[in-house]
Structures are given as C-alpha cells and as structure tokens.
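Chemist: Sharing a model prediction with you, sequence too.
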Amino acid sequence: VHSLWQGALLGLAAALTLRAMARAIAGLRHNVAMVFLLAMALAPAEHFLRLLLSDAPIDDGLLRALALPFAFIGESDGFPVAAAVVLSWLFGVSLMLTRNAAGLGVIAAMERGSHQSLPVAWRQRVDDLRRALGIARDVAVRLSDSVPAPCTARLMRPVIWLPLSMLTRLPPAQLEALLAHELAHIARKDWLWNGVQRAIESMLFFHPAVWWCSRRVRIEREMCCDELAATALNDRTG
C-alpha cells in the first residue's frame, strides 16, 4: 500500500529529472531512469522490513496479511479486506512471473529448433564489431525462420538471433548496423538488467509509475545501443 505513494513520488521525480536531462547522453539517462526504477522496488521493501523487524506487534491487517497471507483466512476475526488485497497481489505476481517464464521458454525452443550460422564473411564483420565494442567473449549469431525479430539472449554465452530473411532482404550496411546494435546490448549486459527490470515489473505490476519508468528505461536503452553501434561502426571504418 505504501508503494502507491512512494512510487508516485519517485515517478514524478524521475519525470522531472529526465526532462532536465534531455540533452544528456542516452547512457546517462538510462542509468538515471534505472536508479529510479530500482528505488521504486526498494522503497516499499525497506518500509515493509522495517515494520516487520520492529519491536511493535504486527497488528496491522495488511502487514499481517503480507507476512502470513494464508494463516488467518479461516479465522472468524480475520482481515478479509487485507487477505483479498494480498492474495490479489500474489495472484498478479504469479501471472507476471508465468509470463516471463513463457518468454524464457520461447528462447529455449529457439535453441532446440533448427537454425543456421552466419556466412564466413559476415562472421568476420561480427568479430570486428565485437572487438570494437570491447566484448571479449565469443558471440554466436544464429539465423532462423522462427525468429520474429532480432534479439539477444544469455549473459555468459551470448547469442544473437536474426530472422533468416534478413540476410538477403536487408542491404549489407543496414544489416551490419543491426548487428552492431545487438552487440551493443551484449556489451552493456542488457540481458541482466532486463531481467532485473522484469522482476520489478512483476512485483509492482499494479503501479502505473513503474510501467512508465520501465518503458522509459527501454527507450533510453535502445537509444544508447544506437549510439554505441554508430561509434563502433565509425571506429571500424575510420
């Protein structure tokens, strides 16, 4: 409940701060937006733990319901409103986590499905771009008809997935820029940060400010990768 006003204040502060940073580089705006998103999750968590660990008895209905969501459902003197709120929240979190798990299942299915590797000439271009972006790990690039749009996956053994049609449909310069953009996501470890972001969205799915801030993080992330990709392409050709 406290996350409602805490998130609203943090969302307002984020909007004003990012507006004042309109001329800043995308990477800095992304980091600031991500800090505000993390704060939206940490503020109610800190408040809850502080109340839970305090010496005062847990006699507040919502606090008790969150600490022991099923313990008092059958009690005649229980807190039906508190129970409904907490169980609704738990149900929403479960749906969000199931949705995220389904996304991981799609990636696993892509791994099991048939795919092709890049031609040798394109493999060399990817290696050049990878070095320009400071990526020490090998990056696999896989082509598949079942991939709807370019994406990256995994943190330790990163892979870029591309629709097979892009290899022949896109001009070479555009395809190279697209690969540089996806490599920028890997260089920034966006797979990890996107996982953190989705966890926050799952826990605070009910808060509009969280969704606004999360959307802003994704916009700034894409802009930052565009900037890094342009730099890498210029370094490789210049």
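Modeler: Done, it's in.

Chemist: what's the helix or strand for the spatially most central residue of the chain?
Modeler: Against the mean C-alpha coordinate of the chain, by Cα atoms, centre = their mean, the closest residue is Asn194 at 2.1 Å. Per DSSP states H and E: Asn194 is located in helix 190-203.

Chemist: so what does that helix touch, helix or strand wise?
Modeler: Using 3 or more Cβ pairs under 8 Å, 6 or more residues apart in numbering; DSSP states H and E, the elements in contact with helix 190-203 are helix 26-52, helix 80-112, strand 151-153, helix 208-237. Every C-beta, even on glycine, is put in place using the N, C-alpha and C of the backbone.

Chemist: how far does the helix or strand just after the second one sit from the chain's center?
Modeler: This means helix 80-112. As assigned by DSSP H and E, the chain's next helix or strand after helix 80-112 is strand 116-117. Its chain's C-alpha centre and that of strand 116-117 lie 27 Å apart, by Cα atoms, centre = their mean, to the nearest Å.

Chemist: what's strand 116-117 packed up against?
Modeler: Contact analysis of strand 116-117 by 3+ Cβ pairs under 8 Å, 6+ apart lists strand 140-144 as its packing neighbours.

Chemist: Partner strands of the strand it packs on and their direction?
Modeler: strand 116-117 (antiparallel), strand 159-163 (parallel) (DSSP bridges).

Chemist: deepest of those strands, which one?
Modeler: Compared across the strands paired with strand 140-144, strand 159-163 shows the largest average neighbour count, a mean of 21 (mean count of other Cβ atoms under 10 Å).

Chemist: Give me the contact list for it.
Modeler: With contact meaning Cβ atoms under 8 Å, 6 or more residues apart in numbering, strand 159-163 is reached by 110, 115, 139-145, 147-153, 178-179, 182-183, 186.

Chemist: worst-scoring helix or strand of this structure, pLDDT-wise?
Modeler: helix 61-67 (a mean of 52; mean pLDDT, DSSP states H and E).

Chemist: And stretch 7-21, what's buried?
Modeler: 7, 10-11, 14-15, 18 (16 or more other Cβ atoms under 10 Å).

Chemist: Please identify which of these is nearest to Leu204.
Modeler: Each of the buried residues of stretch 7-21 was scored against Leu204 by Cβ to Cβ, and Gly7 proved nearest at 6.7 Å.

Chemist: if I pick that closest one, what's in contact with it?
Modeler: Gly7 neighbours (Cβ under 8 Å, 6+ apart): 40, 43-44, 204, 207, 209-210.

Chemist: In the residues you listed, which has the lowest confidence score?
Modeler: Of all those, Pro44 has the smallest pLDDT value, namely 89.

Chemist: any idea which of the helices and strands packed on helix 190-203 scores lowest on pLDDT?
Modeler: helix 80-112 (a mean of 88).

Chemist: just to revisit the earlier point, out of the strands paired with strand 140-144, the one nearest Val81 is which?
Modeler: Here strand 159-163 is closest among those (Cβ to Cβ), at 46.6 Å.
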